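Visitor: sequence? don't have it. structure:
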């Protein structure tokens, strides 16, 4: 049996007629950007995340960069972030000219460790990037908000992977969402969004995404980071079915929990009651050997994340700070992401689990 890591076409195949009708309407209208679908998408995102405003962007990487710019991050400012995340989290900090400060993660949930975060705050700290990882929300996010408020530091919430998991998308001063093709709600290309409750921040974000324009006049040096009407329509179609999609992902994850329970050699992810299960990430002894074995048996897996952000080559010529990263260093040597998408079959998940069992029985 062949089991890919993810099937990008699953939603389109199930909803082809509706999506083709939307595409036909848009292409016939001549309104390809800044139209009704983009406005509806922004309104719906704000509603889902219980925010006042959402601004669609060309990518979540842009969304993170714009969020940091909006709170005034500039050259030399220190920004705290976890080392265990996708490189876009780091890219956005570097684009501002800021100094990344890496602090450790929890060994249980892989997100920012509270004690490590508290110790890293200094008068030079100007923002904290809170990453909501693998579709989970941080179980101590209120404590993180309390730390930030006590020190007067804004939180930029990287909720790229957590759309639909309340209150993810609301905890940051500004919160960012991704519509990368692997996400629960995914663009047929790329896209993102920034969420805020602040009117001045909303005004700044609207200018940043559209060449600095306000009332038809460029007011600041902005960027071109819009999404198309076709992308907005495709995203809206998926948002309509977001609760059902998360329910289906949860069912797949529960199958993994049941079928893999008790296997010596692997640790299952912490069972979070608030998750979209964007990824299902185990920790495995002999991880690399297991991955090769699964590949030989037709099963595609991924490693999220193979290299810590603090070890990325892009930092070779840049200033950065890092604290003790013991947990992150251990985790990155063991994590393995298993195939998961809403329409993966019971036969496919069972086959994946049987192969994992067979590997450890032979080891």
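Guide: Now that the structure is in, tell me what you want to look at. Computed from a prediction, not measured in an experiment: that's the story for all the values here. Residues are numbered from 1 along each chain as shown.

Visitor: Backbone dihedrals for the spatially closest residue to residue 267 that is not a sequence neighbour, please?
Guide: Setting aside the residues directly before and after it, residue 267 is nearest to residue 283 in space (Cβ to Cβ, 6 or more residues apart in numbering), at 4.2 Å. In this view, the C-beta of every residue, glycine as well, is placed from N, C-alpha and C. Note on residue 283: its backbone torsions stand at phi -110, psi 130 [degrees, to the nearest 10].

Visitor: For residue 142, grab the count of nearby residues.
Guide: 11 (other Cβ atoms under 10 Å).

Visitor: hmm, I was thinking of residue 79
Guide: Residue 79, neighbours per other Cβ under 10 Å, totals 25.

Visitor: that's a strand at it, yeah?
Guide: Yes: the assignment for residue 79 (DSSP: H, G, I helix; E, B strand; the rest coil) places it in a strand.

Visitor: so who does it touch?
Guide: Counting by Cβ atoms under 8 Å, 6 or more residues apart in numbering, residue 79 touches 68, 73, 93, 96, 98-101, 125-129.

Visitor: Relative to residue 247, which of those is nearest.
Guide: residue 129 (29.7 Å; Cβ to Cβ).

Visitor: roughly how far apart are the closest one and residue 172?
Guide: 9 Å (Cβ to Cβ, to the nearest Å).

Visitor: neighbour-wise, which of those two wins?
Guide: Each of residue 129 and residue 172 had its neighbours counted (other Cβ under 10 Å), and the higher figure belongs to residue 172 (29 against 25).

Visitor: Surely the more buried one is in contact with residue 160?
Guide: No: look at residue 172 against residue 160 with Cβ atoms under 8 Å: they stay out of range, at 11.9 Å.

Visitor: Check which helices and strands the lengthiest strand in the chain is in contact with.
Guide: Ranked by residue count under DSSP state E, the longest strand found in the chain is strand 125-131. Secondary-structure packing of strand 125-131 (3 or more Cβ pairs under 8 Å, 6 or more residues apart in numbering; DSSP states H and E): strand 78-81, helix 87-95, helix 141-151, strand 155-158.

Visitor: Can you tell me which of the ones you listed is most buried?
Guide: strand 155-158 (a mean of 28; mean count of other Cβ atoms under 10 Å).

Visitor: what packs against that strand?
Guide: So strand 155-158, by 3+ Cβ pairs under 8 Å, 6+ apart, packs with helix 60-70, strand 125-131, helix 141-151, strand 174-178.

Visitor: For residue 358, find the nearest of the ones you listed.
Guide: The nearest among the helices and strands packed on strand 155-158, by Cβ to Cβ, is strand 125-131 at 34.3 Å.

Visitor: quick check: mean pLDDT across that closest one?
Guide: Across strand 125-131, the average pLDDT comes to 98.

Visitor: Neighbouring strands of it in the sheet, and parallel or not?
Guide: Sheet pairing for strand 125-131, assigned by DSSP bridges, gives strand 78-81 (parallel), strand 155-158 (parallel).

Visitor: domains in the protein, as residue ranges please.
Guide: 10-102+110-239, 242-362 (automatic domain parsing).

Visitor: right, so of those, which gets closest to residue 1?
Guide: domain 242-362 (4.9 Å).

Visitor: Can you give me the end-to-end span of that closest one?
Guide: For domain 242-362, the first-to-last residue distance is 41 Å (Cα to Cα, to the nearest Å).

Visitor: rewinding a little: what would the helices and strands packed on strand 155-158 look like in TSV with distance to residue 253?
Guide: Below are the helices and strands packed on strand 155-158 laid out as TSV (distance: least, Cβ to Cβ, whole Å):
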stretch	distance to residue 253
helix 60-70	23
strand 125-131	20
helix 141-151	21
strand 174-178	20
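
Visitor: These: which one's closest to residue 223?
Guide: Closest of those to residue 223 is helix 60-70, at 7.0 Å (criterion: Cβ to Cβ).

Visitor: Quick one: work out the angle between that closest one and helix 87-95.
Guide: 40 degrees (axes from the mean of the first three to the mean of the last three Cα atoms, to 10 degrees).

Visitor: if we can go back for a sec, which among the contacts of residue 79 gets closest to residue 316?
Guide: Once Cβ to Cβ is applied, the member of these that ends up nearest residue 316 is residue 100, at 13.3 Å.

Visitor: Are we agreed that the closest one is in a helix?
Guide: No: going by three-state DSSP, the assignment for residue 100 is strand, not a helix.

Visitor: residues contacting it?
Guide: 79, 81, 90, 93, 94, 309, 310, 315, 320, 321.

Visitor: For the residue nearest to the third one when sequence neighbours are not counted, give its distance to residue 103.
Guide: For residue 90, ignoring the flanking residues on the chain, the nearest one in space by Cβ to Cβ, 6+ apart is residue 309 at 4.5 Å. In this structure, residue 309 and residue 103 are separated by 11 Å, where distance is defined by Cβ to Cβ.
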